[in-house]
Structure formats: structure tokens, C-alpha cells
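*Asks:* Coordinates for the following, if possible.
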Amino acid sequence: MFASQEWCGFAAITLSALVADPTNIFAPAGTPANSIFSLSMLVLGITTTIFLVVAGILVYVLIRYRSRGSGQDGEQEPPQIYGSNQIELSWTVIPILIVVLLFLATTRVIYTTEHAKRPANALDVTVIGHQFWWEYHYPQLGVVTANELHVPVSDHEHPLPTYLTMSSADTDHSYWVPRLAGKMDVIPNKVNTMWIDPETKGLYLGQCAQYCGVQHAKMLIRVYADTPEEFAAWVAHQQQPAVQDPAVAEGREIFMHNACISCHTVRGTVATGRFGPDLTHVGGRDTIASGSLPNNAINLRLFVDNPANLKPGALMPPMHLNSHDLDAVTAYLTTLK
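*Replies:* Here you go, the predicted model:
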């Protein structure tokens with residue numbers, strides 16, 4: 001009895017953890033993900049039925065014919081059947097029908113997803129994959145950010161999908177946020193598109209799903225679904241230039257007189273580099289290093305000092321700053337909110 005209660009408790013905790021998991025494919029939170037989930041359940045139902053039928057027949061045969069006869073060698077060979085039109089037709093026609101059904105169901109999901117009518121108020125975001133981070137441009141809004149994608153919540157009465165136009169600056173990547181949509185390849189010299197429409201506010205996590213180098217596993221995706229009011233406030237803040245805090249003037253000067261400005265942009269300053277992430281509001285992000293580290297002064301300092309110590313394979317070189325300058329630059333970056 002105790003063991004049964006313990007098992008039930010474990011199952012309940014496991015189920016709640018799955019539901020709460022921000023990458024759980026069984027908790028879709030958008031129209032494309034719902035379509036994929038329905039198709040997955042159809043495939044799972046068909047394959048489960050096949051498994052149960054085959055396993056049931058096998059178990060029946062094992063039990064029904066487990067006794068041996070008393071032939072000359074202690075065994076009696078059962079009657080041999082050489083050919084059966086009914087059996088051959090069944091194991092040919094039934095699989096063909098199943099394959100056709102799955103083909104039609106899959107084609108329908110692909111067609112309805114890729115050819116869905118685009119609302120006039122849809123949000124456009126350009127996604128550029130890098131080794132090993134994501135760059136986001138909002139061309140309609142004049143916003144550029146990195147690694148953390150903010151989109152408005154969409155509802156059925158007032159749909160507000162976000163269309164992602166994707167390409168890569170280096171090698172093949174793949175954009176996958178399981179609760180919002182399927183995977184989409186991000187390829188150099190080719191533009192692919194997908195759309196998402198989160199139904200509820202929250203954080204949705206994803207992953208680069210195409211091996212792209214040594215830090216592929218840490219090329220994470222974070223999608224924040226905001227209410228319309230929160231999204232408008234976020235956009236207004238992102239459109240502002242970097243804060244010029246006099247308290248960190250020394251760190252700003254060190255940053256501007258080093259190689260940082262060759263790779264990074266800080267709007268409102270002479271830093272206009274485009275090779276690395278835009279740092280105009282880096283202090284306001286929850287994470288750094290493409291979602292692999294919490295954004296705090298300690299991690300920022302370690303990353304600026306030598307990124308490869310935290311993210312081997314990162315293309316940013318070590319800055320070789322002395323301890324004083326490193327503290328000053330870190331203090332400056334934390335104010336860029």
C-alpha cells in the first residue's frame with residue numbers, strides 16, 4: 001500500500017514536471033506546435049496499435065503452442081502452410097493504407113502551417129545564426145538584440161503572429177522551440193521562414209538542433225512571450241540609446257579604446273561593430289553566452305576576461321585587461337540596461 005502511494009506520488013511529480021517543462025513537446029502553446037502535436041498523437045496511436053496487435057499475437061502463440069508433441073524425436077512439427085493469399089494481401093495492403101494515411105496527414109499539417117494566411121499586423125523578425133549565438137533584428141521597429149527574442153502574445157480573436165526570416169552568417173544551424181513550432185534550418189546564403197504565435201505569456205526555451213561546432217549544445221534559444229503592453233514597453237526601451245552613467249565613465253572609456261568597438265555595437269557611442277552581439281542593452285538581459293550563463297557581474301567579468309574559459313570555441317578572443325580595467329569594463333556593461 002505504501003509502495004503504491006509512493007509510486008502515485010512519484011508519477012504525479014513527474015507529470016507536473018513534464019507539464020511545467022518549457023521544452024515539453026506535449027504541452028504545445030502555439031498554432032504550429034498544436035498541429036505538430038496532433039499529428040504526433042496520430043502517429044503514436046497508430047504505432048501503438050500495431051505494437052499491441054503484434055505483441056498480443058506473439059504472446060498468444062507463445063502460450064497456446066508452448067507444449068511439445070510426442071513425435072519420434074520428442075517434437076511434432078505443426079502443419080506447414082506454403083502460401084496464403086489472405087495473409088499476403090493483409091500484410092501488403094494494410095501497411096500501404098497506413099503509409100498513405102500518414103502521408104496525407106503530414107502533408108496537411110505542412111501545407112496548413114506554411115500557407116497560413118498572414119495577418120496585416122504580423123510582426124517581422126530577422127534571425128541570423130552565428131557560432132554560437134542568435135542575432136535578432138526587428139525591421140519594423142528599429143530594434144536589434146541578441147539571444148533573447150521578445151514577441152507579443154497572440155490570441156484567436158486578435159491573432160498577432162511573429163514571422164521569423166532566417167539565415168546564417170557561417171555554418172548550418174537549426175531553430176527549434178518545441179512548444180511553439182517545429183524545427184527550421186538556418187542555412188548560409190538561403191532564407192527560410194517560419195512563424196510562431198504564443199498563446200500564453202511566459203518563457204519558451206529552445207535549442208539549435210543542427211550540429212554547428214564545438215559549442216552547439218550551448219547555442220540556446222529563449223523566447224519571451226509578453227503581453228501587448230509589456231512588449232510595447234520593451235520595444236520603447238530597446239529603441240533608446242545606451243545609458244551614459246557618469247559613475248562608470250572610466251569603464252566606458254576603456255571599452256571604447258579597446259578592440260571591443262570593432263565587434264560590438266553600443267548605440268549612442270562610437271562602438272559600431274557588427275561581428276558580435278549588440279551590447280546596447282546587454283545589462284538588461286537575463287542571460288549571456290546565448291542563454292548558457294546567468295547575466296551577473298561575476299559571469300560578465302569572467303566572460304570578458306576570457307570567453308573560452310566559459311564557452312570553449314567562442315570566437316571572441318581574450319581581452320588581456322588588467323584587473324582594474326576588467327572591473328571597470330564589467331561595471332560599465334552592467335549599467336547598459
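
*Asks:* Would you mind writing the CA trace of stretch 234-247 as PDB?
*Replies:* Written as PDB, here are the backbone C-alpha positions of stretch 234-247 (Å, rounded to 0.1, in the frame of the first residue of the first chain):
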ATOM      1  CA  TRP A 234      10.200  46.600 -24.100                       C
ATOM      2  CA  VAL A 235      10.300  47.900 -27.700                       C
ATOM      3  CA  ALA A 236      10.300  51.500 -26.500                       C
ATOM      4  CA  HIS A 237      13.200  50.800 -24.100                       C
ATOM      5  CA  GLN A 238      15.200  48.900 -26.800                       C
ATOM      6  CA  GLN A 239      14.800  51.900 -29.200                       C
ATOM      7  CA  GLN A 240      16.700  54.100 -26.700                       C
ATOM      8  CA  PRO A 241      20.400  54.600 -27.000                       C
ATOM      9  CA  ALA A 242      22.800  53.300 -24.300                       C
ATOM     10  CA  VAL A 243      22.600  54.900 -20.900                       C
ATOM     11  CA  GLN A 244      25.500  57.300 -20.200                       C
ATOM     12  CA  ASP A 245      26.100  56.800 -16.500                       C
ATOM     13  CA  PRO A 246      28.800  59.100 -15.200                       C
ATOM     14  CA  ALA A 247      29.600  56.700 -12.400                       C
END
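
*Asks:* For that stretch, what is the distance to the chain centroid?
*Replies:* 29 Å (Cα atoms, centre = their mean, to the nearest Å).

*Asks:* Quick check: buried residues in that stretch?
*Replies:* The neighbour-count check on stretch 234-247 (16 or more other Cβ atoms under 10 Å) flags 234, 235, 238, 242 as buried. To be clear about C-beta, it is placed using only N, CA and C from the backbone, and glycine gets the same treatment.

*Asks:* What's opposite the closest residue to the third one other than its chain neighbours in the beta bridge?
*Replies:* What that stands for is residue 238. Leaving aside its sequence neighbours, residue 238 sits nearest to residue 143 (Cβ to Cβ, 6 or more residues apart in numbering; 4.5 Å). Beta-bridge pairing of residue 143 under DSSP bridges involves residue 138.

*Asks:* circling back: redo the buried residues of stretch 234-247 as TSV? Include distance to residue 290.
*Replies:* Formatted as TSV, those follow (distance: Cβ to Cβ, whole Å):
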residue	distance to residue 290
234	19
235	22
238	18
242	21
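
*Asks:* So which of these belong to helices?
*Replies:* Counting by DSSP state H, the buried residues of stretch 234-247 place 234, 235, 238 in helices.

*Asks:* Mind pulling up the pLDDT for the last one?
*Replies:* In the prediction, the pLDDT value recorded for residue 238 is 95.

*Asks:* Which residues are in contact with it?
*Replies:* Applying Cβ atoms under 8 Å, 6 or more residues apart in numbering to residue 238 gives the contacts 141, 143, 145, 280, 281.

*Asks:* Equivalent analysis for the first one, please.
*Replies:* When contacts are counted by Cβ under 8 Å, 6+ apart, residue 234 is found next to 150, 226.

*Asks:* show me where the protein has strands.
*Replies:* Remark: strands assigned in the chain by DSSP state E are 123-130, 133-138, 143-146, 148-152, 162-168, 173-176, 184-186, 192-196, 202-208, 220-226, 287-288, 293-294.
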